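Q: What shape does this take:
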Amino acid sequence: MTVVNAYRRNWTCIAGAALLLLAGCSGYRGQQLSQAAPMPQPAAVQQGAPTQQGAQAQQRAPLQQAAPAQRGAPVSQYRLDAGDELRVIVFGQENLSGTFKVDDSGAITMPLLPPLSMRGLTPHEAKRSIEQALAQSLLRNPNVAVEVSAFRPFFILGQVNSPGQYPYVAGMTVETAVAIAGGYTYRANKSRARITRVANAATSEFKADVEAQVFPGDTIFIRERFF
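A: Here you go, the predicted model:
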């Protein structure tokens with residue numbers, strides 16, 4: 001009995017040691033797996049929220065987009081007024097098509113139609129206005145194309161060698177307008193100009209640098225330098 005009990009105690013000790021060894025190994029392996037697992041990202045990143053740098057960039061973006069607007073929108077978006085010439089094509093109706101000048105009242109006169117007011121309209125709005133007038137009296141479902149064949153002139157005054165009225169050229173800036181007017185006088189302020197613009201029956205006046213865009217009908221004034 002003594003030998004059997006001793007044998008059983010030894011076997012129990014061996015089994016217990018084996019269990020402890022296995023538990024230690026499994027715990028170590030689990031610790032390795034937990035250390036190798038990727039760190040969870042913050043909820044803001046997982047949901048696509050902007051980081052701090054991204055938020056700062058978004059705050060700056062409106063300023064960067066707004067800067068070109070200070071120099072004016074593209075010329076194709078300006079409003080028509082007296083002095084502009086429109087090329088109107090009525091598809092399938094050559095006798096109604098042609099080039100028409102916006103008169104002092106702000107209207108054009110097309111064949112078989114009463115005077116149509118164009119003042120303050122964009123070229124696209126002018127197209128829609130002509131189509132509506134034709135549909136009311138002459139044609140069913142008219143198709144019209146309108147483009148500006150000649151822009152109204154611009155004016156440049158002040159310290160230039162040949163002030164006056166000149167034909168407008170698309171993409172014109174203050175610098176190119178000065179060149180058309182014979183260049184600066186020796187007393188001119190070459191860094192700044194003043195532009196007067198009439199749009200939608202409202203007159204605005206603002207300062208502009210030499211790279212600012214000039215619109216049809218603008219009046220540019222070149223100031224005299226102080227010293």
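Q: And this structure, what are its domain boundaries?
A: Structurally, the chain divides into domains by automatic domain parsing as follows: 75-150, 154-222.
Q: Let's have the ones you listed in a markdown table, adding mean neighbour count.
A: Any C-beta I mention is one placed from the backbone N, CA and C, and that applies to glycine too. Output for those, formatted as a markdown table (neighbours: other Cβ atoms under 10 Å):
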| stretch | mean neighbour count |
| --- | --- |
| domain 75-150 | 16 |
| domain 154-222 | 16 |
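Q: Need these in CSV (columns: mean pLDDT).
A: Formatted as CSV, these follow (pLDDT from 0 to 100):
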stretch, mean pLDDT
domain 75-150, 93
domain 154-222, 93
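Q: Could you pull up the residues touching the closest residue to residue 184 other than its chain neighbours?
A: Excluding the flanking residues, the one nearest residue 184 by Cβ to Cβ, 6 or more residues apart in numbering is residue 190, at 5.6 Å. Contacts here follow Cβ atoms under 8 Å, 6 or more residues apart in numbering; on that basis residue 190 touches 184, 210, 225.
Q: With respect to residue 93, which of those residues is nearest?
A: residue 210 (46.1 Å; Cβ to Cβ).
Q: How is the nearest residue to the closest one once chain neighbours are set aside assigned, secondary-structure-wise?
A: Nearest non-adjacent residue to residue 210, counting by Cβ to Cβ, 6+ apart: residue 175, 4.3 Å away. For residue 175, the assignment made with DSSP: H, G, I helix; E, B strand; the rest coil gives helix.
Q: and residue 204, what does it touch?
A: Shown in contact with residue 204 (Cβ under 8 Å, 6+ apart): 196, 197, 198.
Q: That one pairs with what?
A: residue 197 (DSSP bridges).
Q: And residue 89, by the same measure?
A: Residue 89 forms beta bridges with residue 145, as assigned by DSSP bridges.
Q: Let me know whether it touches residue 145 as I believe.
A: Yes - using Cβ atoms under 8 Å, residue 89 makes contact with residue 145 at a distance of 4.4 Å.
Q: can you map out the strands along this protein?
A: Assigned by DSSP state E, the chain shows strands spanning 85-90, 98-101, 107-108, 116-117, 144-150, 154-158, 164-166, 192-199, 202-209, 219-222.
Q: Same list (these) but as a markdown table, adding distance to residue 129.
A: Output for the strands of the chain, formatted as a markdown table (distance: least, Cβ to Cβ, whole Å):
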| stretch | distance to residue 129 |
| --- | --- |
| strand 85-90 | 11 |
| strand 98-101 | 13 |
| strand 107-108 | 10 |
| strand 116-117 | 6 |
| strand 144-150 | 9 |
| strand 154-158 | 26 |
| strand 164-166 | 28 |
| strand 192-199 | 18 |
| strand 202-209 | 21 |
| strand 219-222 | 28 |
